[in-house]
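Engineer: Fold the stuff below for me.
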Amino acid sequence: MYSEKTILKHPWSVRIFHYLLILSFLPLAMTGIILYFKPLSESAVNLAMQVHVVCGVILTIDAIAYLLIGFNRVILFIKRIFTMSVTDVKWFMILGGYPQKLLLRKKVTVPPMGKYNSGQKLFGICVFTGGSVLIFTGWILWAFPHLVPGETVYLLGLLHTISAWILTLFLPVHLFLGIYMFDDFKAMILHGKIPYEEAKETAPLWVEKEIIPISRNQC
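Structural biologist: Below you'll find the predicted structure:
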């Protein structure tokens, strides 16, 4: 049973960025698969390419806008995901206790986490680095392919493909665990808030070090 009191985990700027990320990356992933395997007619593949380019532009604008609007938050996010310790190793050793919960219906002790658990950190690293690679290589491959040597174009295309596949394969896991952690899912999609008691359970270090205890902030 969770407390009715809530805390803000995902402010409006993060939620808007996430909305646009969904609207751009999902079509990018689907059209990217079509462009890779080419299972459709030539006209359909050309249409997929056009949609791919438009969504790539939207993704780029979204990333740049969020960088400008929430620069301090971006820096904090980078610091969080790239800060690893022995605790993260212990978390990965039991995979955050998810296999035990899902397969054995058993709850195990999980190392205390900050705002993001170790798996979210790994996914964040993939999104940040992979997304940056996709945007950079995508623009060169689309807009400036004749300005760079052929060997460089090949290398950029390879990096683009590898990054795209990593993020695409990560996506189903992210969606499943996002919905499984339903309060956090609602927070990201709707109001940005999660129950205080849940935050204390899933992210105790974040609550302890960064959130004012409810007992000291009753108003």
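Engineer: From now on I want contacts and neighbour counts done on CA atoms only, so please keep to that.
Structural biologist: OK.
Engineer: what's the pLDDT at residue 176?
Structural biologist: The model reports residue 176 with a pLDDT of 89.
Engineer: Can you get me a residue count around it?
Structural biologist: Counted with other C-alpha atoms under 10 Å, residues neighbouring residue 176 total 11.
Engineer: again, but for the one 4 residues further on
Structural biologist: As a burial measure, the neighbour count of residue 180 was computed by other C-alpha under 10 Å and equals 12.
Engineer: Next: residue 129.
Structural biologist: 12.
Engineer: Can you tell me how far it is from residue 69?
Structural biologist: Distance of residue 129 to residue 69, computed by C-alpha to C-alpha, to the nearest Å: 20 Å.
Engineer: Same question for residue 108.
Structural biologist: 40 Å.
Engineer: and if you look at residue 10?
Structural biologist: On the measure of C-alpha to C-alpha, residue 10 and residue 69 end up 15 Å apart.
Engineer: now do residue 106
Structural biologist: Residue 106 is 43 Å from residue 69, by C-alpha to C-alpha.
Engineer: Any idea how far apart the tips of stretch 194-208 sit?
Structural biologist: 16 Å.
Engineer: in it, what's buried?
Structural biologist: Residues 194-200, 202-207 are the ones in stretch 194-208 that count as buried (16 or more other C-alpha atoms under 10 Å).
Engineer: cool, and stretch 82-94?
Structural biologist: So for stretch 82-94, counting by 16+ other C-alpha under 10 Å, buried means 88, 91-92.
Engineer: for this protein, what spans make up the strands?
Structural biologist: Using DSSP state E, the strands of the chain run over residues 6-8, 193-195.
Engineer: so what does the first one touch, helix or strand wise?
Structural biologist: Right, strand 6-8. Where contact means 3 or more C-alpha pairs under 8 Å, 6 or more residues apart in numbering; DSSP states H and E, strand 6-8 is packed against strand 193-195.
Engineer: pLDDT weak spots in this protein?
Structural biologist: Applying pLDDT under 70 to the chain flags residues 1-4, 212-219.
Engineer: ok, now with 90
Structural biologist: Applying pLDDT under 90 to the chain flags residues 1-8, 13, 101-105, 107, 171, 173-186, 190-191, 196-198, 208-219.
Engineer: doesn't residue 113 make contact with residue 204?
Structural biologist: Yes - shown here, residue 204 and residue 113 form a contact pair, counting by C-alpha atoms under 8 Å, at 6.1 Å.
Engineer: Now do the contacts for residue 115.
Structural biologist: Residues in contact with residue 115, defined by C-alpha atoms under 8 Å, 6 or more residues apart in numbering, are 203, 205-207.
Engineer: For residue 189, which non-adjacent residue is spatially closest?
Structural biologist: residue 15 (6.7 Å; C-alpha to C-alpha, 6 or more residues apart in numbering).
Engineer: In stretch 110-125, which residues are buried?
Structural biologist: Residues 110-119, 121, 123-125 are the ones in stretch 110-125 that count as buried (16+ other C-alpha under 10 Å).
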